[in-house]
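# sequence? don't have it. structure:
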């Protein structure tokens, strides 16, 4: 929290403890809904309920706050309200926000909320609920603005002036008699042409649009690539059914990036503050089992296999952690670069071997630098056996080169197989490089010590 937000948080908490409801209300009405949502998570559940109940005295403010909160929290708060207040808030929410919040509720509560809404509003929400929430259809809004291709510029301007619920009128989408998306016009174009000009003559027919079933991550890439403020959503027949605005795309980018990083950390999904300890443990257990088998059982077996060489040259054991760590670090660096590149579209699967060879060269050069450095350190510590420096230096080169290859190759292969690279890459790379690092180190030591 910033200093300002921290002061606001402390002030509201003190006022709640003194039951100074009117003072809390005055603060809530002055603060931007996004700022309230930001500090909301730091209150306990009882405090959050109290704050939201106070906010519902101004239903417009309560609606704005609700749309800024996490979906699960919004759904919880809405289900705890009395039906009359819930009804008025639902009427004020945009259909896409209402659909997201209602979709996060248990089935029984969801049906109850849909029944509270007006027939036409619930129809829009129910239609949005049919789409997968991770697709274009799931994140679009149906409050779009479209004009018929046969109307004039003057009629179009009048229609805009009379529009009440359009989400974003930066782009004017043009449709034919059957609601097929046929063009797009900017506001600037519209006001600079003669009033009697028909839209069909000035519209741009090369419209960038997305299908309802397109994954939200792909939608974000398209909006980013073409620098759009909004993108139209069409069905299988190219009929305009909604739009996705840039604020929703920003949420998608944040959500997808968070999800990828959490998966790469091996936690499966976001471990939010109020998740139970047992749920967090359950999420981490599968990844920990993999690490236990890989580094615990297999690692112990490898060390046991080469125990004789460790007993002969004890100094080798001192550098084993460094060999394992340095290989795993390079592997994770390469993996992170590739996974993020694949997620953002900056890396194409067709570039597989080009990227692999580049990362191998990077790993090899880094291996030489750190191999020489670690080898010299070993010579300083163990002057009697100069061969130890060669063993350590060569092991570092082999380990780092292999790590760069594995860290690049694994996510690319997973992507080609249709598996999310973020899920398994880092745990696999870390475990495999620790095992391979030990094998390379002990084999190199065995070969060179037997020769000397």
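Happy to help now that I have it. Every value quoted in this text rests on a predicted model; they were computed, and no experiment measured them. Numbers count the residues shown, from 1 in each chain.
# tell me the SS of residue 241?
strand (DSSP: H, G, I helix; E, B strand; the rest coil).
# give me the element residue 174 is part of.
strand 171-175 (DSSP states H and E).
# by contact count, what packs against that strand?
On a contact count with 3 or more Cβ pairs under 8 Å, 6 or more residues apart in numbering; DSSP states H and E, strand 171-175 meets strand 146-148, strand 181-186, helix 199-202, strand 230-234, strand 240-245. C-beta coordinates here come from the backbone N, C-alpha and C atoms, glycine included.
# list the contacts of the first one.
Put plainly, it is strand 146-148. With contacts defined as Cβ atoms under 8 Å, 6 or more residues apart in numbering, strand 146-148 is touched by 156, 159, 172-177, 179, 185, 199, 240.
# could you redo the last one with a cut-off of 7 Å?
156, 159, 172-175, 199, 240 (Cβ atoms under 7 Å, 6 or more residues apart in numbering).
# downstream of that strand, the next helix or strand is which one?
helix 153-162.
# the second one now?
Once strand 181-186 ends, the next helix or strand along the chain (criterion: DSSP H and E) is helix 187-191.
# pick out the residue nearest the middle of this protein.
The residue lying closest to the centre of the chain (Cα atoms, centre = their mean) is residue 256, at 1.8 Å.
# tell me which element that one is part of?
helix 246-264.
# thinking again about what came up before, go through the contacts of strand 146-148 and say which is closest to residue 110.
For the contacts of strand 146-148, the minimum distance to residue 110 (Cβ to Cβ) is 27.2 Å, reached by residue 240.
# that closest one contacts residue 232, correct?
Yes. With contacts counted by Cβ atoms under 7 Å, residue 240 reaches residue 232, the gap being 5.8 Å.
# from residue 442, how far out is the closest residue to residue 432 other than its chain neighbours?
The shortest distance from residue 432 to any non-neighbouring residue, by Cβ to Cβ, 6 or more residues apart in numbering, is to residue 406 (6.1 Å). Distance from residue 406 to residue 442, counting by Cβ to Cβ, to the nearest Å: 19 Å.
# one more: residue 55?
Taken as Cβ to Cβ, the span from residue 55 to residue 442 is 65 Å.
# same check, this time on residue 289
Relative to residue 442, residue 289 is positioned 25 Å away (Cβ to Cβ).
# try residue 361
Using Cβ to Cβ, residue 361 is found at 26 Å from residue 442.
# between those two, which has more neighbouring residues?
residue 442 (22 against 12; other Cβ atoms under 10 Å).
# now that one. Nearest residue, chain neighbours left out?
Of all residues not flanking residue 442 in the chain, residue 306 sits nearest, at 4.1 Å (Cβ to Cβ, 6+ apart).
# what's the burial count for that neighbour?
Residue 306: 17 neighbours (other Cβ under 10 Å).
# and it, how far from residue 403?
From residue 306 to residue 403 the distance is 20 Å (Cβ to Cβ).
# nearest residue to residue 71 in space, please, no chain neighbours.
Per Cβ to Cβ, 6+ apart, closest to residue 71 is residue 104, 4.3 Å.
# surely the one you found and residue 76 touch.
No. When contacts are counted by Cβ under 7 Å, residue 104 is not listed as touching residue 76 (8.6 Å).
# low-confidence ranges, the stretch 1-150 of the chain, go.
1, 120 (pLDDT under 70).
# could I get the full set of helices for the stretch 351-452 of the chain?
352-381, 387-416, 421-451 (DSSP state H, counting those that start in this stretch).
# go on, the stretch 201-350 of the chain?
216-226, 246-264, 277-291, 299-305, 307-312, 315-344.
# so what does the fourth one touch, helix or strand wise?
Helices and strands touching helix 299-305, as assessed by 3 or more Cβ pairs under 7 Å, 6 or more residues apart in numbering; DSSP states H and E, comprise helix 421-451.
# list the buried ones in the helix it packs on?
Counting neighbours by 16 or more other Cβ atoms under 10 Å, one finds that the buried residues in helix 421-451 are 421-442, 444-445, 449.
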